[in-house]
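Give me a model of this one.
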Amino acid sequence: MMRFLSCFVVCVRAATALTLTTRSRVPNSTPQELQQFLATPANWPRIVLSSVGVEGATPASPLRPGSEIDELFGLPPVLPLRVKWRCEAADERGGTLDVRSEGGLEGVATDCRMDFSIEADGDASVVDLAMSYEPASPLAVLAAPVLIVDNWLALNVLLPRAFSGSPLIRQRDVPGLAFFALLSTSHSVYK
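Reported below is the predicted structural model:
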């Protein structure tokens, strides 16, 4: 077992940047409207399950190249995690949003990037997200499957609902979500 762990740690240290991609189609949106929505940090906690808040000078305004914002994760104040994002590119006409964090999440990942590309598709917009980061610990590699699910839910479930103004969780969804939570909990308890 120790040999496996040693090999795993060596492989993680040798790993290059991980890139996770996600695609979504958001109905009744233009690339310009969707880019403005995604570029506004105050919207992030509404569409990303792992995000609990944003702090900075203007979280309710769309990011512009050079502007910075702190995104909060975890379970503050018990487990506060923070990433400082800097906007590298934001095309107000739609099409692009590129935010990066050189420092990333201390001790876990560096050179983090969220690069959104948005295109018109009839009466909808197609959003492609390329999220990348440089692992700084085994946790960063182990988190990849969780981030894949988090990104998929963000773009395919929560973003369309938040953008349209629909409730994020509808009353009819509660029984299914409760069953899923119970099933997840019982699965981990009985292992």
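
For this protein, which segments count as strands?
18-27, 51-55, 68-75, 79-90, 96-101, 109-121, 124-135 (DSSP state E).

Now distance to P41 too, for those, in TSV please.
For glycine as for every other residue, the C-beta is placed from the backbone atoms N, C-alpha and C. What follows is the strands of the chain, written out as TSV (distance: least, C-beta to C-beta, whole Å):
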stretch	distance to P41
strand 18-27	18
strand 51-55	4
strand 68-75	5
strand 79-90	8
strand 96-101	9
strand 109-121	11
strand 124-135	16
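
so who does T58 touch?
Contact partners of T58, counting by C-beta atoms under 8 Å, 6 or more residues apart in numbering, are S67.

Make a markdown table from the strands of the chain and add distance to V141 and mean neighbour count to it.
Formatted as a markdown table, the strands of the chain follow (distance: least, C-beta to C-beta, whole Å; neighbours: other C-beta atoms under 10 Å):
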| stretch | distance to V141 | mean neighbour count |
| --- | --- | --- |
| strand 18-27 | 7 | 16 |
| strand 51-55 | 21 | 16 |
| strand 68-75 | 18 | 16 |
| strand 79-90 | 17 | 16 |
| strand 96-101 | 18 | 20 |
| strand 109-121 | 9 | 19 |
| strand 124-135 | 5 | 19 |
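
Which among the ones you listed is found nearest to A162?
Nearest to A162 among the strands of the chain is strand 18-27 (10.0 Å), distances taken as C-beta to C-beta.

Next one, pLDDT for G94 please.
On the pLDDT scale, G94 is placed at 80.

Now it: closest residue in space, sequence neighbours ignored.
Nearest residue to G94 in three dimensions, chain neighbours excluded: P31, at 2.9 Å (C-beta to C-beta, 6 or more residues apart in numbering).

Next one: that neighbour, what pLDDT does it get?
97.

what does L75 give?
So L75 comes in at 71 (pLDDT).

Find the nearest non-adjacent residue to it, please.
The shortest distance from L75 to any non-neighbouring residue, by C-beta to C-beta, 6+ apart, is to V52 (7.8 Å).

got it, and G74?
Closest residue to G74 in three dimensions, ignoring its sequence neighbours and counting by C-beta to C-beta, 6+ apart: L81, at 3.9 Å.

residues contacting the one you found?
With C-beta under 8 Å, 6+ apart, L81 has these contacts: L72, F73, G74, L105.

got the CA coordinates for stretch 90-98 in CSV?
Output in CSV follows, covering the C-alpha atoms of stretch 90-98 (Å, rounded to 0.1, in the frame of the first residue of the first chain):
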residue,chain,number,x,y,z
ALA,A,90,-14.1,40.1,-21.3
ASP,A,91,-15.7,40.9,-24.6
GLU,A,92,-18.8,43.0,-23.9
ARG,A,93,-20.3,42.0,-27.2
GLY,A,94,-20.3,38.4,-26.0
GLY,A,95,-18.0,35.6,-27.0
THR,A,96,-15.4,35.5,-24.3
LEU,A,97,-14.7,35.7,-20.6
ASP,A,98,-11.2,34.7,-19.3
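
And for that stretch, what's in contact with it?
Residues contacting stretch 90-98 (C-beta under 8 Å, 6+ apart): 30-36, 38-39, 62-65, 87-89, 113-120, 125.
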